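Enquirer: Here you go, sequence then predicted model.
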Amino acid sequence: MQEMTLNPRIVEIRQNVLKKNDLLARELRKRFQETGVYVVNLVSSPGAGKTTLLTDMLTRLGERHSVAALVGDLATENDAERLRESGAKVRQITTGTVCHLEANMIERTLAEWDLASIDFLFIENVGNLVCPSSYDLGETQRVVLFSVTEGEDKPVKYPTIVNSADVAVITKIDLAEAVGFQRERFYEALNEVRPGIPIHEVSVRTGEGVDEWITRLEADKAAFKKSLDSL
């Protein structure tokens, strides 16, 4: 069987697209740092519970901080409508056929926002564990979410997104026993790809682990502010 090779022109176009994205992401990151906004990019497969968790996060953090969110979706505004229930400022980014968010989409959507008035900006990426791994959005922290219903081998199936993440969150932990989730195997898979990555287990339904996760975010934000003050 003849081995297939990628068209050199396609490779070149992809490299140029990523280079342009990275340059813009660098500018966005500088802008975020100058305005002191802590940006968290949430990535998961569809149905992992990103929107449910983020709604809870916005509600809880909104009691003490100024919070906002951008949410990417292929076609609908359903997730944005759910997030607005938290009372946070939310904007939808409809990507059409694009399976990820890109830095230029973030830049356009934030054009009229006063970033200096925002403490936390959350970006809910399109449900996909492949494409988002290649696109820097200028975020301060990238969080990859896995639900217990997805099985224990997801980290080794999608190593690139795990390697590009700063934190891993296991969602729907209240269902672990019901679905036969093997925690040790999952942790082994995660650490095989990314040894030592911080892991949080949460359940929005029962509240398990959510306080600890919120505390972690606030501590990271405080450390971020301290690092900016020392510049």
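Expert: Now that the structure is in, tell me what you want to look at. Not measured: the values here are computed from a predicted model.
Enquirer: Helix, strand or coil: sort out V43 for me.
Expert: Three-state assignment for V43 (DSSP: H, G, I helix; E, B strand; the rest coil): strand.
Enquirer: tell me the SS of V90?
Expert: strand.
Enquirer: And V40, by the same measure?
Expert: strand.
Enquirer: which ones are touching it?
Expert: F120, L121, F122, I123, E139, T140, Q141, R142, V143, L217 (CB atoms under 8 Å, 6 or more residues apart in numbering). Where C-beta positions appear, they are placed from N, C-alpha and C, glycine not excepted.
Enquirer: go on, L228?
Expert: Q33, G36.
Enquirer: can you state the direction angle for the helix or strand in which it is found and strand 38-44?
Expert: L228 is part of helix 210-229 when elements are defined by DSSP states H and E. Using axes from the mean of the first three to the mean of the last three CA atoms, to 10 degrees, the direction of helix 210-229 lies 140 degrees away from that of strand 38-44.
Enquirer: ok, the residue nearest to the spatial centre of the chain to F146 distance?
Expert: Geometric centre of the chain, nearest residue: L42, 1.3 Å, by CA atoms, centre = their mean. Distance, L42 to F146, using CB to CB, to the nearest Å: 12 Å.
Enquirer: Strands along this structure, start to end?
Expert: 38-44, 67-73, 89-94, 120-124, 141-147, 167-171, 199-201 (DSSP state E).
Enquirer: Turn those strands into TSV, columns for mean pLDDT.
Expert: Formatted as TSV, the strands of the chain follow (pLDDT from 0 to 100):
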stretch	mean pLDDT
strand 38-44	97
strand 67-73	94
strand 89-94	92
strand 120-124	97
strand 141-147	97
strand 167-171	98
strand 199-201	98
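Enquirer: Kindly reformat those as JSON lines containing distance to D211.
Expert: Formatted as JSON lines, the strands of the chain follow (distance: least, CB to CB, whole Å):
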{"stretch": "strand 38-44", "distance to D211": "17"}
{"stretch": "strand 67-73", "distance to D211": "17"}
{"stretch": "strand 89-94", "distance to D211": "23"}
{"stretch": "strand 120-124", "distance to D211": "16"}
{"stretch": "strand 141-147", "distance to D211": "17"}
{"stretch": "strand 167-171", "distance to D211": "14"}
{"stretch": "strand 199-201", "distance to D211": "11"}
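Enquirer: Kind regards, and thank you for your time.
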